[in-house]
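J.: build the 3D model from these lines:
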Amino acid sequence: MIDTVSVPTFRPAEATRPTRTTRASRPTATHAPVAADGESAPTWMRALGAVLLLGGGALTAAVLGWPGDAPEVALLVPGVVALVGGALLLLARTRIAVTDTDVVLRFRPLPARRIDRRRIADVAVVEADAATYGGLGLRVRRGVRALILTPGRGVRITDDRGRVTFVRAEEPERVLHALDD
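T.: Modelled structure (predicted):
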């Protein structure tokens, strides 16, 4: 991970003899993605998110801006729920990134989940849709986790404990190839 707080300092380089490095002895960045893929929310989902965001914002503003005594504070709840739901639909993105040590799964705006590459038992490219995993978005059931926004092909990862993770990707073969290396 890159430290964004530190300021690089420029020191004179020490005199060293150039050495010949082999491929095996070259330093590698363990956090640099070898392959990355994912998908964005479809247009209909972003449009619905925009409508919910605007409607929730209008309802919340109307309740908070009501002159005198507010008609009902309980009207804030649906407004805030619509604001949050609309923002989640607008920001929805999935991503799978393969690094030297981990497989990083992201379902924005939620935090990333990491799977250690040593724990992966099986990887396959499979076809899936909303009915396969019980809906769109982040689907979590007993032993199964899926990140799916649109139907299509993706990567199914099974770890050594038998837990299955599916991520929909535009080019799943590239991710599969990176995991085979």
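J.: C-terminal to the lowest-mean-pLDDT helix or strand in the chain, what's the next element?
T.: None of the helices or strands of the chain scores lower by mean pLDDT, DSSP states H and E than strand 35-40, at a mean of 74. Next helix or strand after strand 35-40 toward the C-terminus (DSSP states H and E): helix 43-64.
J.: report the buried residues of the helix or strand just after that following helix.
T.: With elements assigned by DSSP H and E, the helix or strand that comes after helix 43-64 is helix 76-91. For helix 76-91, a neighbour-count test (16 or more other Cβ atoms under 10 Å) marks 79, 82-83, 86-90 as buried. Every C-beta, even on glycine, is put in place using the N, C-alpha and C of the backbone.
J.: same check, this time on stretch 119-136
T.: Of the residues in stretch 119-136, those buried (16+ other Cβ under 10 Å) are 120, 123, 128, 132-133, 136.
J.: do stretch 111-121 as well
T.: Across stretch 111-121, burial judged by 16+ other Cβ under 10 Å covers 115, 120.
J.: roughly how far out does that stretch sit from the chain middle?
T.: When distances are taken as Cα atoms, centre = their mean, to the nearest Å, stretch 111-121 is centred 13 Å away from the chain's centroid.
J.: before we move on, back to that, pull the least confident helix or strand of the chain out as CSV, backbone CA atoms only.
T.: Extracted as CSV, the C-alpha positions of strand 35-40 are listed here (Å, rounded to 0.1, in the frame of the first residue of the first chain):
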residue,chain,number,x,y,z
ALA,A,35,-5.2,-8.6,-13.2
ALA,A,36,-8.3,-6.6,-12.4
ASP,A,37,-11.9,-6.7,-13.8
GLY,A,38,-15.4,-5.9,-12.8
GLU,A,39,-18.6,-4.2,-13.8
SER,A,40,-20.6,-1.0,-13.3
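J.: contacts only, for the residue most central in space within the chain.
T.: Closest to where the C-alpha atoms of the chain average out (Cα atoms, centre = their mean) is Arg106, at 1.8 Å. By Cβ atoms under 8 Å, 6 or more residues apart in numbering, the contact set of Arg106 is 38, 93-97, 112-113.
J.: does it have beta-bridge partners, and which?
T.: Arg95 (DSSP bridges).
J.: could you tell me the angle between the least confident helix or strand of the chain and helix 43-64?
T.: Strand 35-40 runs at 60 degrees relative to helix 43-64, counting by axes from the mean of the first three to the mean of the last three Cα atoms, to 10 degrees.
J.: ok so, going back, of the buried residues of stretch 119-136, which belong to strands?
T.: Taking DSSP state E as the definition of strands, the buried residues of stretch 119-136 contribute 120, 123, 128.
J.: next, format these as a markdown table and append pLDDT and distance to Leu75.
T.: Formatted as a markdown table, these follow (pLDDT from 0 to 100; distance: Cβ to Cβ, whole Å):
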| residue | pLDDT | distance to Leu75 |
| --- | --- | --- |
| Ile120 | 87 | 49 |
| Val123 | 88 | 49 |
| Ala128 | 86 | 39 |
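J.: that concludes my questions; thank you for your assistance.
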